[in-house]
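Undergrad: Sequence first, predicted coordinates after that:
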Amino acid sequence: MTTPTPTPNGRVEPTETGRDLILTRTFRAPIEDVWASITESERTARWFASWTGTPGPGRTVRFRMTQEEGMPESDLTIVACEPPTHLAVSSVDDFGSWHLEATLVETDGVTELTFVHHLEATTDVTDVGPGWEFYLDLLVASRDGTTPPVFGDYDTSMRPHYAALLH
């Protein structure tokens, strides 16, 4: 059985300080349940990373990437946390600075997640776009119980989409 090639939905918008990579996913679920999927360590471990520490705005937790070879760890600062609608975090690691936001909106039992990666001017969106598409599709699979995607299906197939966004 052949897996269909994933379809990118990310877009890039200019900002005063660089660019924002914006991706969305929609869930037939209450906002509180989707919020738990992006904030509770046991649930975030299913698609991205587990974390330890005491969460809260201005606090730092330690996260371990569960989908990456070697399961690298880093500190993650919680910039804003307004349950169940808004989470903003930042981190610095060997690959750069990460300034991320998630906003949730529920309408009639359907929750839309808008994920924003505030990119630095030097960040290559053709590298990070496919990665976030993969992680967000892992989030979908972890919630739906469907077969998890394979990163190799994302990197090569999505690079042209993200390269085109830069022109």
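TA: Received, thanks.

Undergrad: which residues in this protein form helices?
TA: Using DSSP state H, the helices of the chain run over 31-39, 41-44, 125-144, 152-164.

Undergrad: Columns distance to residue 50, mean neighbour count and mean pLDDT on top of those, output as JSON lines?
TA: Every C-beta, even on glycine, is put in place using the N, C-alpha and C of the backbone. Formatted as JSON lines, those follow (distance: least, Cβ to Cβ, whole Å; neighbours: other Cβ atoms under 10 Å; pLDDT from 0 to 100):
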{"stretch": "helix 31-39", "distance to residue 50": "12", "mean neighbour count": "18", "mean pLDDT": "98"}
{"stretch": "helix 41-44", "distance to residue 50": "5", "mean neighbour count": "16", "mean pLDDT": "95"}
{"stretch": "helix 125-144", "distance to residue 50": "13", "mean neighbour count": "19", "mean pLDDT": "95"}
{"stretch": "helix 152-164", "distance to residue 50": "22", "mean neighbour count": "15", "mean pLDDT": "91"}
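
Undergrad: Measure how the longest strand belonging to the chain sits relative to helix 31-39, angle-wise.
TA: When the chain is parsed with DSSP state E, its longest strand is strand 96-107. Counting by axes from the mean of the first three to the mean of the last three Cα atoms, to 10 degrees, strand 96-107 lies at 170 degrees to helix 31-39.

Undergrad: State the mean pLDDT of strand 96-107.
TA: Computed over strand 96-107, the mean pLDDT rounds to 94.
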